[in-house]
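Q: Please find the sequence and the predicted model below.
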Amino acid sequence: MTLNLRQKQSGMIRTITQDRTCPAAATFSDVAVPSADALLRMLNLHSSATASKDQLELYKVLILDKFCKDIIAPLLRVSELRTQGVTLHLLLEQERQQIPDAPAVYFVQPTAENIDRIVQDAAQQLYDIMHINFVTTAPSRLLEQLATSAIKANAVGKIAKIFDEYLSFIALEPTFFSLGLPDCYLQLNDPSAKDSQIEAAVNQIVDGLFSVLVTLGVVPIIRCPKGGAAEHVAAALESRLRDHLKARSNLFSEGTSALAATLSRPLLVIFDRNFDLSVMLQHCWSYKPLVQDILGLKLNRVALAPDTSGLPPGASLLPQHQKKGYDVDDKDFFWEAAGALPFPKVAEEVESQLQRYKAAVDEINSKTAGNGAEADGVLLDHDELLKRNTQNLMSAVSSLPELQEKKKVLDKHTNLATALLTAIKNRGLDGFYNLEEDLLTGKADTGALIKLLQGAKGSSEDKLRLALVHLLAAEQAPNEAELQELSAALTSAGVPDTTALTYVARLRRNRLIGSARPAPGTGHGVHVPSQGNLLDWADKALGQGISTVTRSVKNLLSGARQAPVAAALEALMDGKQGTPEFESFAVMDPKLPAGRTGADRAKGPFREALVFMIGGGNYLERETLAAWASRSQPPRQVLYGATDLLTGEEFLHQLEELGRRSGIAPAAPAPAAPVAAT
């Protein structure tokens, strides 16, 4: 069984513009395959998985709300929408002009506001006919609102069909998804939140997870830590699945799905973010996590800030100085090949690929020069020479587009790597990464921490993140004197607000979060050399090419630690009874009657698992789990998802806001300038 959610979701969106047929069974290895398939089916008006010529020539307008626009963004580009007959894609919230001869496909969330806007469009007769697709199940009260309002507006005839799509998730890669809920950690941990707000947040998470499982066509065994948000979500999801499976006809179609051909069901492990906070705050050193944390990767797109170094103050930006956007996804060969590599290895790979490209171009040039009249020492006649030159020219013409596309990809990643290099140099991120790795393995001392905090390198956020990793990695929660010393060091280093530090210390004292000190095991951390070496090769690389990076940087596998989430997943998938991870996790099986735990079915071993993090995740955590799965014997298949993907600074701001809402007063501004490191 395989897991590709991305392709399936994309296909389902495409067929939203065709008449509906039963969706094909999903495979477990690619969360994006079923997601893509669903989108294609939607765009084809649900008629079939493959659009006919007449259907593709039928021009349509696609209407999206903000959430559904984010779902489509990583899957279908404008050119792909046009191949499905979509000439315009517009936001539901915006004012739109009338296009009376074109059908409209709506892909929106089932909310009262969206219902009102749909009825308004129908009453104004903006489009010829309207196909309504809700991203998840529309409650009966909203369907009644739609029907009543359409009747009052005399617009019932404008609404052709209504569908529930079960696509309430964002498939970023074949085994990687997000629910697009950015403030979930803040909502679920807010001490002032009302029960109704908590339930609304839980329902959104359950809707998203239910959509993922429907798209994959699997009913998993569910495990989660006992107590807290994870168990709350798991219980609600189990109840939703159990109620759905009671229906005579259900969306999983298990009799014909890929799951029926296997002897085992997948494991769904739901974690609360408090299980391991450190991974959200620590600095990283591999390519994909760096692009997310430093360059702000969102929805498989990176926007680089303009280079204004050569412009005088106040000058207007020229076209070459505008912000540039780059798409990176599983179709990008370099992104997939180098995504998990340490940053200096990425530079080596860029240089290697460029050399291959130049060699291929030189070979084409030599073949198409047309000045060789001999082959293997034999003089060729005119006809044979013309034939060979024609063949070489045809070969060059067919290979040039591929080479040009490859060059574009390499140029893109050269620009991204250069931007990363600049940030690493300016902020001294190698020093933060190295010290955090030492903290997490118990090798660092307080003196090294204070020295780096009071150094000139690093932003206020970098230093606060380092201090938080230190606090989380300590074997014991810090006492008041230790906390005051750390807070004073941050304040003297120019950090204006240490609310997050006080808040996390309170969580540790109350044992509301897990320790970041990892279990012994095989890690995949990379230790980089000192700050001085980094600056040496950074200066050279910026002026002479990115490959210079590799001359001064060594990459040593530390092999010293295993992340807490990976350790827990290993115990659960292997069925290691008697271990704290295995025994402390609740077991739920939607196929069993309510009240039965299904403990026997959770013994494993499991070959496939879905890991879902409530409160936010990131590329670093995903990479950690993927590395563990690939080196397991036999290799495992792990699909990773989170309520949203957050950078270290974004998560830090949520911790600060929670501290303020918990009554923690921000620290006073620093009275003195930062002390330069000696």
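A: Cool, got the structure.

Q: Tell me the pLDDT of residue 21.
A: pLDDT, residue 21: 40.

Q: Actually, residue 562.
A: As predicted, residue 562 sits at a pLDDT of 80.

Q: so where's the stretch 201-350 of the chain uncertain?
A: Applying pLDDT under 70 to the stretch 201-350 of the chain picks out residues 253-263, 307-321.

Q: let's go with 80 and repeat that
A: 248-249, 253-264, 306-323 (pLDDT under 80).

Q: And the strands in it?
A: Taking DSSP state E, counting those that start in this stretch, the strands of the stretch 201-350 of the chain run over residues 221-225, 267-272, 301-304, 324-327.

Q: Out of these, flag the one nearest residue 159.
A: Among those, the nearest to residue 159 by CB to CB is strand 301-304 (33.7 Å). For glycine as for every other residue, the C-beta is placed from the backbone atoms N, C-alpha and C.

Q: which of the residues in that closest one are buried?
A: Neighbour counts using 16 or more other CB atoms under 10 Å place 302, 304 of strand 301-304 among the buried residues.

Q: give the contact list for residue 221.
A: Neighbouring residues of residue 221 by CB atoms under 8 Å, 6 or more residues apart in numbering: 265, 266, 267, 268, 587, 588, 589, 598, 601, 602, 606.

Q: beta partners for it?
A: Taking DSSP bridges as the rule, residue 221 bridges to residue 267.

Q: Look up how far residue 76 lies from residue 199.
A: As for residue 199, its distance to residue 76 is 33 Å (criterion: CB to CB, to the nearest Å).

Q: How about residue 245?
A: Distance from residue 245 to residue 76, by CB to CB: 32 Å.

Q: These two: which has the busier surroundings?
A: Set residue 245 next to residue 76 and count neighbours by other CB atoms under 10 Å: residue 76 wins out with 24 against 14.

Q: Select, out of the strands of the stretch 201-350 of the chain, the one closest to residue 209.
A: strand 267-272 (7.8 Å).

Q: Make sure residue 103 is actually in contact with residue 158.
A: No - using CB atoms under 8 Å, residue 103 is not in contact with residue 158; the gap is 10.2 Å.

Q: Quick check: neighbours shared by these two?
A: Counting by CB under 8 Å, 6+ apart, the shared contacts of residue 103 and residue 158 are 127, 129, 130.

Q: Of the residues you listed, which is the nearest to residue 279?
A: Nearest member of the shared contacts of residue 103 and residue 158 to residue 279, counting by CB to CB, is residue 130, at 44.6 Å.

Q: count of residues packed around the closest one?
A: Each residue near residue 130 was counted by other CB under 10 Å, and the total is 23.

Q: Tell me which residues touch it, please.
A: Residue 130 touches 103, 104, 106, 118, 121, 122, 158, 159, 160, counting by CB under 8 Å, 6+ apart.

Q: State the pLDDT value of residue 396.
A: 58.

Q: typo on my end, it should be residue 401
A: pLDDT, residue 401: 77.

Q: same question, residue 500
A: Turning to residue 500, the model gives it a pLDDT of 96.

Q: I'd say it and residue 468 touch.
A: Yes - the pair residue 500 and residue 468 passes the contact test of CB under 8 Å, sitting 6.5 Å apart.

Q: Can you work out which residues contact both of those two?
A: Common neighbours of residue 500 and residue 468, using CB under 8 Å, 6+ apart, are 652, 655.

Q: Residue 166 in helix, strand or coil?
A: Classification of residue 166 using DSSP: H, G, I helix; E, B strand; the rest coil returns coil.

Q: got a list of what it touches?
A: When the contact criterion is CB under 8 Å, 6+ apart, the partners of residue 166 are 38, 135, 136, 137, 210, 211, 214, 215, 251.

Q: Distance of it relative to residue 252?
A: Relative to residue 252, residue 166 is positioned 11 Å away (CB to CB).

Q: Repeat that for residue 454.
A: Distance, residue 454 to residue 252, by CB to CB: 58 Å.

Q: What of residue 589?
A: Taken as CB to CB, the span from residue 589 to residue 252 is 14 Å.

Q: How about residue 348?
A: Distance, residue 348 to residue 252, using CB to CB: 46 Å.

Q: now the helices for the stretch 351-500 of the chain?
A: Ranges of helices within the stretch 351-500 of the chain are 382-427, 429-440, 446-453, 460-473, 480-492, 499-509, based on DSSP state H, counting those that start in this stretch.

Q: The fourth one vs helix 480-492, what angle?
A: For helix 460-473 against helix 480-492, the angle between stretch directions is 160 degrees (axes from the mean of the first three to the mean of the last three CA atoms, to 10 degrees).

Q: Would you mind listing the outside residues contacting helix 460-473?
A: Applying CB under 8 Å, 6+ apart, the external contacts of helix 460-473 come out as 277-278, 281-283, 427, 429, 432, 435-436, 439-440, 442, 444, 449, 452-453, 458, 478, 486, 489-490, 493-496, 498, 500-501, 504-505, 508, 513, 515-517, 648-649, 652, 655.

Q: Redo the strands of the stretch 201-350 of the chain as TSV? Include distance to residue 640.
A: As requested, those are arranged in TSV below (distance: least, CB to CB, whole Å):
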stretch	distance to residue 640
strand 221-225	15
strand 267-272	10
strand 301-304	20
strand 324-327	21
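
Q: nearest to residue 239, of the ones you listed?
A: strand 221-225 (11.0 Å).

Q: Off-centre distance for that closest one?
A: 22 Å (CA atoms, centre = their mean, to the nearest Å).

Q: Report the angle between that strand and strand 267-272.
A: Using the same axes, to 10 degrees: strand 221-225 against strand 267-272 is 20 degrees.

Q: those helices in the stretch 1-150 of the chain, which residues are they?
A: Going by DSSP H, counting those that start in this stretch, the stretch 1-150 of the chain shows helices at 5-14, 33-43, 53-57, 66-72, 78-83, 112-123, 140-152.

Q: how far off helix 5-14 does the second one point, in degrees?
A: When you say that, I think you mean helix 33-43. Per the same axes, to 10 degrees, the angle that helix 33-43 makes with helix 5-14 is 10 degrees.

Q: For helix 33-43, what is the distance to the chain centroid?
A: Helix 33-43 sits 19 Å away from the centroid of its parent chain (CA atoms, centre = their mean).

Q: ok, now the fourth one?
A: The gap between where helix 66-72 is centred and where its chain is centred comes out at 14 Å by CA atoms, centre = their mean.

Q: Out of the contacts of residue 221, give me the one that has the most neighbours.
A: Result: residue 268 is most packed of the contacts of residue 221 (other CB under 10 Å), 27 neighbours.
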